[in-house]
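In: Predicted model, plus sequence, below.
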Amino acid sequence: MTLASNQSPSPEGGNAGSELGFWRSTIRVFAENRLAVVSLFVLIFVVLFCFIGPLLYRTNQTDAQKALLESIQHASPSWSHLLGTDANGFDILGRLMYGGQIALIVGFLAAIVATVIGVSYGALSGFFGGWFDALAMRIVDVGLSIPVLFLLIALVTIYRPTAPLLIIVIAAVSWLVPARLIRAETLSLRTREYVQAVRAMGGSRSRIIGRHLIPNSVGTIVVFATFDVADSILLLASLGFLGLGVPAPQTDWGTMLSNGVDVAANGYWWEIYPVGLCIVLVVVALNYIGDALRDALEVRLQRR
Amino acid sequence: MKRHLTKVAVSALVLGSLSLASIGLGTLSAGAKAKAAAKPTVATWAEAPQTPPNYIFPFMGLEYFSVSTINQFQFLMYRPLYWFGKGASPDINLDLSTATAPVYSNGNKTVTINMKGWKWSNGETVSATDVMFWMNMLHGDKDNWADYTPDLGIPDDISNVTVNSDTQITFQLTGPVNPDWFTYNELSQISPMPLAWDVTALGAAAGSGGCARAAYGSADAACHKVFTFLSRQSGYDPDNPKKATGALKSYATNPIWHVVDGPWQLSKFNASGNVEFTANAKYSGPIKPSIKKFVEVPFTSDTAEYNALVNGKLDVGFVPSANITTGTTKATRTGPNSTRLAGKYSLAPVYGWGINYFPYNFGSTGNHGTAGKIFSQLYFRQAFQRLVDQSLYIKKISKGYGIPTYGPVPVYPQNKFTSASANKNPYAYSVNTARKILAEHGWKVIPNGQTSCMHPGTGPKNCGAGIPAGTKLTFTLEYPTGGASTAQLMNAEKSSWAQAGIDITLKSASFNTILGKAVPCEKGKACDWELESWGGGWIYAPDYYPTGEAIFATGSGSNSGSYNDPKNDALIKATTDSKISLNAYQMYLAKQLPVVWQPNTAAALTEIRKGLKGVTPQSPLISITPEAWRF
Amino acid sequence: MLGYLVRRVLQAFVVILGVTLIVFLLSQLIPGGQARAALGPRATSGQLANFNHLNGYDQPIWQQYWNYLIALFHGDLGYSYKNNQGVTSLIADRLGKTMVLVGVSTLFALAVAIPIGMAQAVRRNRPFDYGMTAVTFILYAMPAFLAGELLIIFFSFTLNWLPSQPPTDASAWAVLTNPVPFILPILTLSALEIAAFSRYMRSAMLDTLTEDYIRTAKAKGASSRRVLWGHALRNAILPILTLIGLTLPAVVGGALITEAIFNYPGMGLLTVQAASNDDVPLVLGTTLVATIATVLGSLLADLLYAAADPRIRLGEQ
């Protein structure tokens, strides 16, 4: 479930009559939304933090024997460990970077895979229509009806959790929504005049789907994908809580948070608040960006 | 005048002392009343998470065979023939047993048991016939009994059982046995059953089932009918196992289950694990319950139970090890309690009667067919074990609440089976020694890289039979998902093994997947698992005598890795057939390393409400005896 | 309308059937097998084989699926060894608890979210709107187990105002009869819904406020208040029914985490335990029931919506 409901707010007034390119006008409206721009910068900062950070702040994140021997477990923040250490003696700040890499990669890739599968599925279904469409959508209905967490638990319990598997599993439960969305778009688009014109001119089906239908749904696709990254990160966190996240010594924010919650009552605040803040920051930023993108695209659609 | 004064004085004195006395008595009784009013009569105990008791009939298959069902539920109502667990040791406790010590005679081929004459709550005596009842049922339905091992122990070792009188029963065995082994592993399985249960329908006359009073082994059909009836009353239908009988809801009201010889009687039972007992006034044992009601509370997770403790809702619970901030330096001493609990509760760790290890698969075809052969080399196992830093892991991961395992017999809690030398680690942690051992046997050791075999062959300085040149020490080790400290331990060990270039790939899988994989190799079937750790090792219950018949003897069902050593088999047989100590057996295995020994963490970090006495010392068999609890 | 009704119900039926197939197939993939899961580490291969035979696990897959379907028609969802109970009665015990918890949380979420969403729409782009958007996003972004644990530490341990969990033998209706211990779980569970509903309400209100007929009503002189409540609300609220239908699966799943933290033995938790025990009949049963509940929920929502909105009734879906 996402905040990407299908209704949208009314657009801001824009310069009537000026014809800008699709993307340029989108970017312009987006840039007018200051919160979204701030969120974009926050996101860029987080990505740099997770991927470039470890080059500047080197810590031991894999050798558990060494960590147990040399570091104090659950140490509070100090100059040697800026955000303290966890149950293994691993540095928490380093772990945030390391875990963030996994969280972001899994989140982004899962969203991309879900989007690609969902868009193709939905486009094909909407384009062909008839019984093919009915069957395809029933399958989607079945998938949508099963509570996501139940399905995830079943899937991950069967297969051992690794980062690539988690990407597949999360994508497997997320592709259903874009399939529905794109199918609806396709249904409405295929009756448009220009599509009928292409057909009359003898354009092949794949050309129509690939060159006309999908590009015109790009707006919806991008908005969905943005929200889906946020949702994938949250799903990963829930799996981490259930002990089904990436296996040690790898970690992701969800597993870190889950371990932190276990020791929350002991007062080890450095094991919960920093990682909680990271998750909330990234998810909120993505939501602001998604919201703004949707606004921008509605303006575009409104003018058509 | 003097006499008058004396009279007055005396009467004054008498009056004075009388009034003083009455005031005193009054205060005493008021105080006593106040104290009695304040003393709770209900004790609440936390079940381990997600393990509600689920079977009430003390004759069941493996499906229902668990500590929470047997030691923490059935035993409160139906006493086993012999009770094990004396103070903090696993020794036999004759005070709490329904019979006196078994008498072995005739070259240890005959066992005579004398019942004490305790009473069931319906007036029956716990008699020799009650024991015969259980034995007859075992004879006919041994395949339905969880602890049955073909050709070993009861009933296959028994040639005859006779009831000599109301209080005496004799077992004739097929051959001589070690009395310790027979008492601790075989007689320990028996639970006397009342005649009231010898029926095939509710309300039928006691004994009408025809099983209890029959001669041994002569009433298999009748006993099976009784077994079927009683199982159905307990929720399991042997004729139709998949059918739900809904019997659980009726446990507390069923008249069959109301006949108890233990200190407690079931008053409320719901399927989620909420269990309530009331004290059985007719209990014949030495310690009568002082509290009136005992309540078992279920929990969905460790955290939920901890939260209940912090709220003060439990009398006896446990603290998750994550919530202990300062550990202890010595397992036998208790360290400081969790800060949020310290005011209301005292910490009392209890160690289980078991060992922790994970098996090598000696028949493994993994690592290009060499895994099993590499494991078979003693020098490799020595190097491998030398890289397991048990004391570090106990100190850092278990907060000090753990015992290292060096051999098959637990050294703690104190018991009569361990030997003085069992406490010493024959393979102390030493990275250099591990590297040296490998190098001396033809391996090119590359720390944190991949060690490979440089000198193949079967000589004393070679890698060993079946190990070609260039073979790497790369193995896969699976461990259960979901436990943070298990993952911690596995990862620490992995980085430790890497110090000698032994490359272990860790994989996590569900607990049951691991159990399903860690089985002895079968001819004709693929057998490529290499190392599987289910995290729990082995608990010696109800086979309390810690010999290796179940886990280390060649061909035994729980010998997961197919460990095969004739000398070991001979040593084990000696311990089951003759009266000798376990020293030779345990010292041999401690040196032979049939499995990878692992640190044994405390079974539970029990929290006891301040002011509640009688909970400690806790039994290492994890039984609870709330009748001894006093506020 | 009748045609739509029939089609929609048939759809739901097909969906449920599809779910049984998927869940059944998934369960067949569990390695280690049922027998090992039930009998534990001490079982010999003879005992395992015996168990498989008694329970029909050595039959071909399609045969097992057929038996399963037949049993389903008789209302028999199988038997769980770990709990020594029929799956049906286990679920019956727990389903009520989850449903009541979910129901009360949803109502609470609606009561909070609708006014907030409306207020945001009216005060669009003012500090109140920005503030509530931020709060909503944060509520959405905080994983449930974090929010729940923080609530417990703050309200139960530090302030000692509320208990950290409801009584373990509470009945399903205890949420209403003894609400105090349920305050924290409901707050945790409804956080997600409040976020979603208020976002929706805000944008729906904004949409309807700019629609032509609203402007017409205003031009005709209807008072602002009347416009707001009378027209906009009525039109914006209908799709909430669909939204509730779409939200149900997530909430039923989210209840799982809430139940774990607050020790409330409902359906979600039953599933997690079943999955970690490889208790196949139980996993099948709970997933199926949860799915049926959500399918019925969204069916109801769709039917109500259809009854109210003529565009749906008469046109294509």
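Out: Received it, and whenever you're ready, just let me know what you need.

In: and the residue of chain C found nearest chain B, what does it touch?
Out: Of the residues in chain C, the one nearest chain B is C:Gly86, at a distance of 2.4 Å by C-beta to the nearest C-beta. (C-beta placed from N, C-alpha, C; glycine too.) By C-beta atoms under 8 Å, 6 or more residues apart in numbering or on different chains, C:Gly86 lies in contact with B:243-246, C:76-80.

In: The same query, at a cut-off of 10 Å, please.
Out: Neighbouring residues of C:Gly86 by C-beta atoms under 10 Å, 6 or more residues apart in numbering or on different chains: B:235, B:242-246, B:248, B:271, C:75-80, C:92, C:281, C:285.

In: Please pick the buried ones from those.
Out: B:235, B:242, B:244-245, B:248, B:271, C:76-80, C:281, C:285 (16 or more other C-beta atoms under 10 Å in any protein chain shown).

In: Against B:Thr228, how distant is B:Ser398?
Out: Distance, B:Ser398 to B:Thr228, using C-beta to C-beta, to the nearest Å: 45 Å.

In: no, scratch that, I was asking about B:Thr112
Out: Computed as C-beta to C-beta, the B:Thr112 to B:Thr228 distance reads 32 Å.

In: helices or strands up against the strand or helix carrying C:Leu90?
Out: Of the helices and strands defined by DSSP states H and E, C:Leu90 is found in helix C:87-122. Here helix C:87-122 touches strand C:79-80, strand C:85-86, helix C:127-141, helix C:174-177, helix C:183-210, helix C:234-262, helix C:267-276, helix C:280-308, going by 3 or more C-beta pairs under 10 Å, 6 or more residues apart in numbering or on different chains; DSSP states H and E.

In: buried ones in that helix?
Out: Residues of helix C:87-122 classed as buried: C:87-91, C:93-95, C:97-102, C:104-106, C:108-110, C:113-114, C:116-122 (neighbour count, 16+ other C-beta under 10 Å).

In: Ok, stretch B:337-347 next?
Out: For stretch B:337-347, burial by neighbour count (16+ other C-beta under 10 Å) applies to B:337-338, B:340-341, B:344-347.

In: show me the contacts for the one residue in the stretch 51-200 of chain C that gets nearest to chain A.
Out: Here the residue of the stretch 51-200 of chain C nearest chain A is C:Ala141; by C-beta to the nearest C-beta that distance is 3.6 Å. Each residue near C:Ala141 by C-beta under 10 Å, 6+ apart is listed here: A:230, A:233-234, A:237, A:276, A:279-287, C:195.

In: any idea how far A:Gly99 is from A:Asn259?
Out: Going from A:Gly99 to A:Asn259 by C-beta to C-beta gives 11 Å.

In: same check, this time on A:Gly53
Out: 20 Å.

In: more crowded one of these two?
Out: A:Asn259 (23 against 19; other C-beta atoms under 10 Å in any protein chain shown).

In: For that one, give me the pLDDT.
Out: Note on A:Asn259: pLDDT of 87.

In: for the helix or strand encompassing it, packing partners?
Out: Take DSSP H and E as the rule and A:Asn259 turns out to sit in helix A:253-262. Under the contact criterion of 3+ C-beta pairs under 10 Å, 6+ apart, helix A:253-262 touches helix A:92-128, helix A:218-241, helix A:273-303, helix B:302-310, helix B:484-497, helix C:144-151.

In: Can the second one be said to contact chain B?
Out: Okay, so that is helix A:218-241. No: using C-beta under 10 Å from any C-beta of the partner chain, helix A:218-241 stays clear of chain B, with a minimum separation of 10.5 Å.

In: What are the buried residues along that helix?
Out: For helix A:218-241, by 16+ other C-beta under 10 Å, it's A:219-241.
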